[in-house]
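Asker: Here is my input; please provide its structure:
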Amino acid sequence: MQSLPAYFKYFIILASLVLTTYVLIVGKPIISPLITAFIIALLLRPLSNFLERGRINRGISAVLSILLVLLVLTGLFYFFSSQVGSITSDLQSIGERFNELLDRANTWMEDTFAVAQGEQNRYVKESLNSFLQNSTAAITGTLSATADFFTSFFLFLITLFFLLYYRRFFVAFLYKYFRPEQHPKVGATLHKVELVVRSYIVGLFSVILIVAILNSVGLLLLGIQHAIFFGVLAAVLTIIPYIGILVGSLLPILFALVTKDSLWYPVGVLILFWAIQFLEGNFITPNVVGGRVSLNPFAAIIALFFGGMIWGAIGMILSIPVLAIIKVICDTVEPLYPIGFLLDNPPIDDPDDPEKTPL
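Answerer: Numbering: from 1, shown residues only. Next up is the predicted model:
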């Protein structure tokens, strides 16, 4: 390929990127659960090894590892469903407060913009009718999404089982694919991929725990109802890097606006989450996860938005570990060294050496 013209190589690379993106979009129902299962399998491999050293059958150890994942997911589902149930009991008082705020908003709109309340009510009714007319399509889409979720989840469980059960077989395949002199590099790459992914996930869980405690304590001090639920929910959303905690802060802000008589409460919640976001981005995550996954923040943000564009929320969650795996591979394969360098954190410039800082 070295003898090909530069423009021809450019079009080959561009076509490859477009084709890869197209395959990722079309193959999302299959590819996303496979990648998720691969990442979770790397996390669970030490547990499976530990169980097998205890003379437990490999298939049983894989099933027990999967049951642990299901137990964690069930615990989270039970926690959030029970909290939502307790919030539901407050809906009547919340509805009364919401109507009061709506009346105030109508009066303010009438005084400020000279829009009569009758005109406002007519607009609200038209919007409601439009929503009800489109409700059938919304329900159909929801049912379709639910069916797709369970299909993908079933594929995830099956893939996770076989990745754990046949893990040595798949590693043996990789060794057979490469020449014997490349086996040390293959082994080192596999070990580094596993270490990076496992360290990232463990570090992410640690960040979620710390942020959940900070969120819950802060909301409790502000006197916000269901503080633990809102605090844990916002912390769990940190699995979506950079924007997750901001999205998680919207619900407690709205809840404080509806349930409290003073605007200082939602403002206090906003300041609280801004402060925690600052701590999480500048101190907590860099110290807990930073040294384990060395990625350029700009590359991570691009990967985050690209993952969200092609796969939605699951793409945003998977973007950072997948990018970390790509960087490990680029650092190992010599022709890809420049890409691995670009994805890494940039070196600190020396202001005393102008040759190191030409710009």
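Asker: pLDDT on the host helix or strand of I320, on average?
Answerer: Secondary structure assignment for I320, by DSSP states H and E: helix 313-332. The average pLDDT within helix 313-332 is 86.
Asker: Report all helices and strands that that helix contacts.
Answerer: helix 28-53, helix 183-222, helix 297-311, helix 337-343 (3 or more CB pairs under 8 Å, 6 or more residues apart in numbering; DSSP states H and E). Backbone N, C-alpha and C define where each C-beta goes, glycine included.
Asker: mind listing what's buried in it?
Answerer: If you call a residue buried by 16 or more other CB atoms under 10 Å, then helix 313-332 has these buried ones: 314-328, 330-332.
Asker: how about the closest residue to E280 other than its chain neighbours, what does it touch?
Answerer: Counting by CB to CB, 6 or more residues apart in numbering, V211 is the residue found nearest to E280 once chain neighbours are left out, at 5.6 Å. V211 is in contact with 234-235, 238, 245, 276, 280, 284, counting by CB atoms under 8 Å, 6 or more residues apart in numbering.
Asker: would TSV of those residues with distance to E181 and neighbour count be doable?
Answerer: Output for the contacts of V211, formatted as TSV (distance: CB to CB, whole Å; neighbours: other CB atoms under 10 Å):
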residue	distance to E181	neighbour count
A234	51	28
A235	47	24
T238	43	27
I245	47	23
I276	51	22
E280	45	24
I284	44	20
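Asker: Kindly reformat the helices and strands packed on helix 313-332 as TSV and extend each row with distance to F79.
Answerer: Output for these, formatted as TSV (distance: least, CB to CB, whole Å):
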stretch	distance to F79
helix 28-53	20
helix 183-222	11
helix 297-311	26
helix 337-343	36
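Asker: re the thing from before, with respect to V84, which of the contacts of V211 is nearest?
Answerer: The closest of those to V84 turns out to be A234 (CB to CB; 15.0 Å).
Asker: In this structure that closest one contacts L272, no?
Answerer: No. Between A234 and L272 there is no contact under CB atoms under 8 Å: 10.1 Å.
Asker: tell me, what's touching the two both at once?
Answerer: With CB under 8 Å, 6+ apart, A234 and L272 have common neighbours N215.
Asker: circling back to that earlier point, hmm, who's touching the helix holding I320?
Answerer: 32, 35-36, 39, 185, 188-189, 192-193, 196-197, 200-201, 239-241, 293-295, 299-300, 303-304, 306-309, 311, 336-337, 339-340, 343-344.
Asker: Select only the buried ones of those in ChimeraX?
Answerer: In ChimeraX, a selection of the buried entries from these looks like this (16+ other CB under 10 Å):
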select :32,35,36,39,189,192,193,196,197,200,201,239,240,241,293,295,299,300,303,304,306,307,308,311,339,340,343
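Asker: Please report the number of neighbouring residues for V236.
Answerer: 18 (other CB atoms under 10 Å).
Asker: Keeping just the C-alphas, turn the helix or strand hosting it into PDB.
Answerer: Using DSSP H and E, V236 falls within helix 227-236. What follows is helix 227-236, C-alpha atoms only, in PDB (Å, rounded to 0.1, in the frame of the first residue of the first chain):
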ATOM      1  CA  ALA A 227     -32.700  12.300  48.700                       C
ATOM      2  CA  ILE A 228     -31.100   8.800  48.500                       C
ATOM      3  CA  PHE A 229     -33.000   7.900  45.400                       C
ATOM      4  CA  PHE A 230     -32.000  11.000  43.500                       C
ATOM      5  CA  GLY A 231     -28.500  10.800  44.800                       C
ATOM      6  CA  VAL A 232     -28.000   7.200  43.700                       C
ATOM      7  CA  LEU A 233     -29.700   7.800  40.300                       C
ATOM      8  CA  ALA A 234     -27.500  10.700  39.500                       C
ATOM      9  CA  ALA A 235     -24.400   8.700  40.500                       C
ATOM     10  CA  VAL A 236     -25.400   5.700  38.400                       C
END
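Asker: tell me the mean pLDDT over it?
Answerer: 88.
Asker: Could you give the separation of the helix holding I320 from the chain centroid?
Answerer: Here helix 313-332 is found 12 Å from its chain centre; the criterion is CA atoms, centre = their mean, to the nearest Å.
Asker: Next, the angle helix 297-311 makes with it.
Answerer: 130 degrees (axes from the mean of the first three to the mean of the last three CA atoms, to 10 degrees).
Asker: what angle sits between helix 313-332 and helix 183-222?
Answerer: 140 degrees.
Asker: Now do the contacts for K260.
Answerer: K260 neighbours (CB under 8 Å, 6+ apart): P266.
Asker: For the spatially closest residue to Y175 that is not a sequence neighbour, give its distance to L190.
Answerer: Leaving aside its sequence neighbours, Y175 sits nearest to H183 (CB to CB, 6+ apart; 5.6 Å). With distances taken as CB to CB, to the nearest Å, H183 is found 11 Å from L190.
Asker: who has more neighbours, the two?
Answerer: It is L190, of H183 and L190, that has more neighbours when counted by other CB under 10 Å, with 17 against 13.
Asker: After the helix holding V236, which helix or strand is next?
Answerer: Heading C-terminal from helix 227-236, the first helix or strand you meet, by DSSP H and E, is helix 244-259.
Asker: That next one: how far from the chain's middle?
Answerer: The answer for helix 244-259 is 19 Å, by CA atoms, centre = their mean.
Asker: Now do the helix or strand following it: which elements does it pack against?
Answerer: Per DSSP H and E, the first helix or strand lying C-terminal to helix 244-259 is helix 264-279. Identification of packing neighbours for helix 264-279 by 3+ CB pairs under 8 Å, 6+ apart yields helix 183-222, helix 244-259.
Asker: which residues sit against the helix or strand that comes right after helix 264-279?
Answerer: Where DSSP H and E defines the elements, the next helix or strand beyond helix 264-279 is helix 285. The contact list for helix 285 (CB under 8 Å, 6+ apart) reads 203, 207.
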